[in-house]
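Asker: Turn this into a model:
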Amino acid sequence: MSGVVGYWGAASGAQSKDLINKCTEAARGVGTSGFVYPRPHSNFNKAAAYGIACWGDNSYFERRGRVGFTASLSASGIPGAADIRIEIEAGQLTLSRDAFGRATLYWTQVDEVVWFSSRLDILLAIVEAREVSLAGLYGYGCFSFVPAPLTPVENVFAVSAGSKMTWRAGESEARGPVLPAIERTTEFLEPERAVVDEAGAILRLRGLLEALIRRQLEHLPAGPVGVFLSGGLDSSITAALLVRAGVSVRAYTLDFGAFGFSELPFAELVADALSIPLVKVPATPREIHNAIEPTAMALDTPFGDGVTAPLFLLSRAASRDTNVVFNGEGGDQLFGGWTNKPLIASSVYGDHNPNGGDFEREYLRTFHRLHGYEQSTYAEGLQQSIARLHPFDWLADALDASFTRSLLHRLRRANLMIKGAQNIQPRATALGLAHGLAVRTPFCDRALAEWTFEVAGELHLRGPCEKYLLKRAVEDWLPAEIVWREKRGMGVPLTSWCLGPLWRAAGDWLTPGALESEGRFQPDLALRIASGRFSGHVQGRRIGEILWLLLMWEAWRKTVLKEHHKPSYLNSHWLPARWLQWRVSGAENL
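Answerer: Prediction:
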C-alpha cells in the first residue's frame, strides 16, 4: 500500500513535538520514505510546524529549497503522473487532486494545524472525535458513495477532484492558518464549433488511443502486466491496445458460476481473439462473504456498489502475478455510455426541462438508491435534520450548464465529475493499492478527454447506439460481437446472493437489533427491503443493490470507523433462506 500523511500550521515547541509523534505513529509500520521536521516562519505568531510521511512505491517526495517540499501519489506508479499533490512553501500549504479523481486526499483542522492524508483511516488515528457526518451518511444513501467535499466523518473533508486548496499563514498578529482558498484546476468545456467529420474523427481517435497507451508503458515489470477484462467494450479496448503495443498481457475476469448473467463467454472471446491467457477468478458466495470486511478496509471510505467485493477478488488474484494492472474504467463517461440514454430520452420526449429543477431530480434518480425514501429509511430522530439537507447542492457544479452547449456533453461532464471522479476511479485505485498494485487507467487521459468535448454529440450517440465513434474507431481491433453488442454492465448477482446463500451473512450486519443499536436506520429496514415491502420500485435487482449498500456501510463503520457492531440473537435472518427463494428466480433481470 502507498500513502501520504502530514500536517502544517502553527505550534509551540511542545506542540511541535506532539505533532511529530502523532505523524510518526500514524505512519508506523509502513516504512516512511520522507519526513520533514518543523521549521520556524515569521508569518505565524507561533513557530511554523510541518511534517510529512510517505510510503509505498506509488508515493514520491522532493525537497524544494531550504524550507519547502512536494509530496505526491500516483495511482499508476508513473513518476510525474501525480493524482494527488501536497506542496509546502514558506507559509503556505497547497493540496490538489487530478481531475479524474483516481486517488483521494482528505484534510481536517485541529486548533491551528491542518492535517492531511491520502487515507481516511490514517487521519482518523489522529482525530480524536470520530462522529459520523449526517450529511455524509445521507449522501451515501443517495449516491452509494459520499459526495465530495463531504466524508462520512464529521469535520473531516475531501479535496474535490480537479481542484486545489491553499492555506496561507496569517499576518504576524494572526494565529495560524486562515480558511483555504479553493480553485478549480480543470474544466471540461464544449467549444462553439464541433467536430462533425466522422472519417476524420475516427482517425484522430485511433491516434489518441495509441498515443495514450504509449504514455502508460513506463516502469512496467519484466513479466506480464494484468488487465481486468469483463468482456465489455472498454476493457477489451484496453487489452487490445496493450497487445498492439507489444506488451505481454495476462487477463483476469470474474466467474460468478451459476448466479446471474454471465459475461464470461465474452471475456473468453476477447482473450482468444487477442491470444492472451485468461485467469478466471471465482466470485462465489463464500468468496464474497469472506471479502466483505477486507473490501471495506481496502476502500477506506464506504462505496456501496455491488462491484466492490468482486473487484477486490480480482485485485487480489492479479497481485499474485504482477504489480501493474490496467482497466477500462472511464470509457462510459468519456464517450456517452449507456447511462445517458434514459435521461436524454426523458428530456426530449418527456416533460422534464433540462434547464429546470426536474432535470437535476431525474439525474439523481439515475443512481437508484435511497433518495426519495427518507421517511422509510432513517431513524425517526434524524428525520428533521435530513429534511434540511439538499442533495441537489452536491450536483450543482457538475450539472452547471454554462460549460457546455449540448445536453449530451453536459451529462458527460457531470458523469466525469460525479460517477467517475467520486466513485468509479477512487474505488478502483483503493482496491489496487491495497494489494500493492499500480493501477493504470488509459481512458483517464487529459488530451483524450478534452478532445471528446470537441466532438459533436451525434458522433458519440448515434440513434440508439451509444459510444458510436469509439466503436467505429476500434471495430477492426476486436470481434464484432464485442464491439457492437448491447451494453449490459457487470452483472453482479446481488439479489440472488443476498436472498440466497448470503442471507444469514446479511443478517449478521442488518438484523433489526443491530440497526436499532446503531440508531441511524429504521430497525426493520433490511427486512422490508428483502420482502419487497419497502417500495414497489425497489424490486428485482434493486433489492440486492440496496441491501448491499447498507451492508457495506455497516462493514465500513466496523472496520474503519471502529464503531462497536452489536449483533442481535433475535435475528430473523436465521429463518431459512428458502422462504424468500421465490423472489430470487430471475430477479437480476428485473
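
Asker: Where does the residue most central in space within the chain sit: helix, strand or coil?
Answerer: Centroid-nearest residue in the chain, with Cα atoms, centre = their mean: Asn423, separated by 2.7 Å. Assigned state for Asn423: helix (three-state reduction, DSSP: H, G, I helix; E, B strand; the rest coil).

Asker: Skip the chain neighbours and tell me the closest residue to it.
Answerer: The shortest distance from Asn423 to any non-neighbouring residue, by Cβ to Cβ, 6 or more residues apart in numbering, is to Phe145 (4.6 Å). The way it works is simple: take the backbone N, C-alpha and C, and place the C-beta from them, glycine included.

Asker: Contacts only, for that neighbour.
Answerer: Neighbouring residues of Phe145 by Cβ atoms under 8 Å, 6 or more residues apart in numbering: 139, 301-305, 422-423, 427.

Asker: mind checking pLDDT for it?
Answerer: pLDDT, Phe145: 98.

Asker: Ala505 now?
Answerer: Per-residue pLDDT puts Ala505 at 81.

Asker: so what's it up against?
Answerer: Ala505 neighbours (Cβ under 8 Å, 6+ apart): 289, 292.

Asker: and it, what element?
Answerer: helix 503-510 (DSSP states H and E).

Asker: Can you dump the C-alpha atoms of that helix in CSV for me?
Answerer: Output of helix 503-510 as CSV, limited to C-alpha atoms (Å, rounded to 0.1, in the frame of the first residue of the first chain):
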residue,chain,number,x,y,z
TRP,A,503,-29.0,-14.4,3.6
ARG,A,504,-27.7,-15.3,7.0
ALA,A,505,-24.5,-13.3,6.5
ALA,A,506,-26.6,-10.3,5.6
GLY,A,507,-28.4,-10.9,8.9
ASP,A,508,-25.2,-10.6,10.8
TRP,A,509,-24.9,-7.0,9.6
LEU,A,510,-28.5,-5.9,9.1
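
Asker: roughly how far out does that helix sit from the chain middle?
Answerer: Offset of helix 503-510 from its chain centre (Cα atoms, centre = their mean, to the nearest Å): 25 Å.

Asker: nearest to Glu554, of the contacts of Phe145?
Answerer: Distances from Glu554 to those, taken as Cβ to Cβ, are shortest for Pro302 (9.3 Å).

Asker: Can you tell me, leaving aside adjacent residues, what's nearest to the closest one?
Answerer: Distance criterion Cβ to Cβ, 6+ apart; nearest residue to Pro302, sequence neighbours excluded, is Trp556 at 4.1 Å.

Asker: quick one: the strands in the stretch 1-150 of the chain?
Answerer: Assigned by DSSP state E, counting those that start in this stretch, the stretch 1-150 of the chain shows strands spanning 3-11, 47-55, 59-64, 68-73, 84-89, 92-97, 106-110, 113-117.

Asker: I'd like the next helix or strand past the helix holding Ala505.
Answerer: Counting by DSSP H and E, the next helix or strand C-terminal to helix 503-510 is helix 512-518.

Asker: Okay, buried residues for that following helix please.
Answerer: Using 16 or more other Cβ atoms under 10 Å as the test for burial, helix 512-518 gives 512-516, 518.

Asker: right, and the helix or strand after it?
Answerer: With elements assigned by DSSP H and E, the helix or strand that comes after helix 512-518 is helix 525-530.

Asker: just checking, next helix/strand downstream of that following helix?
Answerer: Defined by DSSP H and E, the subsequent element after helix 525-530 is helix 541-559.

Asker: Just name whatever secondary elements that following helix is in contact with.
Answerer: Helix 541-559 makes packing contacts with helix 134-143, helix 285-299, helix 494-498, helix 503-510, helix 512-518, helix 525-530 when contacts are defined by 3 or more Cβ pairs under 8 Å, 6 or more residues apart in numbering; DSSP states H and E.

Asker: would you list those in JSON lines and tack on distance to Arg446?
Answerer: JSON lines is the format used below for the helices and strands packed on helix 541-559 (distance: least, Cβ to Cβ, whole Å):
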{"stretch": "helix 134-143", "distance to Arg446": "25"}
{"stretch": "helix 285-299", "distance to Arg446": "26"}
{"stretch": "helix 494-498", "distance to Arg446": "35"}
{"stretch": "helix 503-510", "distance to Arg446": "40"}
{"stretch": "helix 512-518", "distance to Arg446": "42"}
{"stretch": "helix 525-530", "distance to Arg446": "41"}
